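Trainee: how would this look folded up:
(one chain, ligands or ions: 2)
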Amino acid sequence: MKILAVETSCDETSAAVLEDEKVLSNIVLSQISHSRWGGVVPELASREHLKNIVYIMNKALEDAKVNLNEIELVAAANEPGLIGALLIGVSFAKSIAITLEVPFVPVNHIQSHLYSSFIEGAKPDFPFISLIVSGGHTLLILVEGYFNHKILGTTVDDAAGEAFDKVAKLLNLGYPGGPIIDKLAERGNKKFHKFPLATVKDSPYNFSFSGIKTSVLYFLKEIQFEKKASEMLIADICASFQEAITESLVRKTLNAAKEYHIKTITISGGVSANSELKRKFENLRYKGYKIYIPKKDYITDNGAMIGFTALLKYKLSPDKNYFHSESLKETAKPRLTTI
Ligand code: KG4
Ligand code: ZN
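Mentor: Ligands and ions are numbered 1, 2, ... in the order given. The predicted model follows:
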């Protein structure tokens, strides 16, 4: 089955073509226009998606050497995300599905991160613990089967990626902050300063990252940090901050795995690209844990993970008619009222 999948939930415009589980192409355009604002501007994101989506889809089809009329299933991320941005991907993908008379499968963006660890890799042994760490979400999930998810914990304030982005802003490093901090931290001393862990009182699996961010802010004030600070000082702060975040993520995930007697852990979402986080989780392999991390191309937002999850969802769905364009047309009938 040839699949066209679209991802527009935040600031990446992406389209991918898959043949069953095999990714034939995965085109990602990261919108750079947000960097001067230090964060994603929703209105700008929607306009960029609108401008680029057709080009990105054509490029994905071209790279995959597949014609649009060969597509047998269309998918798009439909939640959660910036509503204006999601609407562009969903409306675009639905229109194509209706025109081609093929099924349309809406995909939850977070679920697609969860399953992204298995693209071009081994399949999971259920149950497993899944840590999803992105720019908008931090979730610790017990996965007992496909789409059988029990949320054990989440963030009570900032998401892990958001904390990286905000601290990078405090240090005047640019956006997105995660990859920049990761790079600078390589040369820094992670024991330079002890920032607090992301604990929440009486809540073993919830995270709170705003405390770490505030503590970085106070620390910068205390040392009278200036824009022209030495590279070494910046590297040390980055390494110490990264240590606090990654240690919090690993500890809570490991506690959950121990409590539920589970030896398989997956990590996914943009922050799972972090080298220190990966290193900490990979070390758990020596303690008998099976660790799954997505391949590089499928870590930050991308269309392939949407297509991969859509296929799983479609295959496992007992009512395939639900996804077909005939029913799409029907549900699209507006209820008109006359005054
Ligand atoms: O999953 P993603 O692409 O988009 C969302 O669904 O939010 O994640 C983006 C987030 C950003 O906050 C970015 O700073 C963070 O992932 N990120 C990283 C790294 N690469 C991306 N955080 C830490 N270290 C990295 N290497
Ligand atoms: Zn994401």
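
Trainee: list the buried residues of stretch 214-226.
Mentor: For stretch 214-226, the neighbour count (16 or more other Cβ atoms under 10 Å) marks 215-216, 219-220, 225 as buried. All C-beta spots, glycine's among them, are computed from the backbone N, C-alpha and C.

Trainee: residues making contact with that stretch?
Mentor: 167, 170-171, 193, 195-196, 233, 237, 241 (Cβ atoms under 8 Å, 6 or more residues apart in numbering).

Trainee: same check on stretch 187-204?
Mentor: 153, 155-156, 206-209, 211-212, 215-216, 219, 231-232, 234-245, 247-249, 251-252, 255-256, 276.

Trainee: for the stretch 51-200 of the chain, what lies in contact range of ligand 1?
Mentor: Contact residues, the stretch 51-200 of the chain versus ligand 1 (Cβ under 6 Å from any ligand atom): 134-136, 161, 164-165, 176-179, 182.

Trainee: pairing partners for Thr7 in the sheet, please.
Mentor: Heads up, residue 7 is Glu, not Thr. Beta bridges link Glu7 to Ser14, judged by DSSP bridges.

Trainee: that one contacts Ile306, correct?
Mentor: Yes. Between Glu7 and Ile306 a contact is recorded at 5.0 Å, counting by Cβ atoms under 8 Å.

Trainee: in terms of helices and strands, where is Ile237?
Mentor: Ile237 is part of helix 231-259 when elements are defined by DSSP states H and E.

Trainee: next secondary structure element downstream of that helix?
Mentor: Counting by DSSP H and E, the next helix or strand C-terminal to helix 231-259 is strand 264-268.

Trainee: below-threshold pLDDT in this structure: ranges please.
Mentor: Within the chain, the segments meeting pLDDT under 70 span 326-327, 329-334, 338-339.

Trainee: can you give me the strands in the stretch 101-250 of the chain?
Mentor: 104-108, 128-133, 138-145, 148-154 (DSSP state E, counting those that start in this stretch).

Trainee: mean neighbour count added to these, as TSV?
Mentor: Formatted as TSV, the strands of the stretch 101-250 of the chain follow (neighbours: other Cβ atoms under 10 Å):
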stretch	mean neighbour count
strand 104-108	23
strand 128-133	26
strand 138-145	21
strand 148-154	15
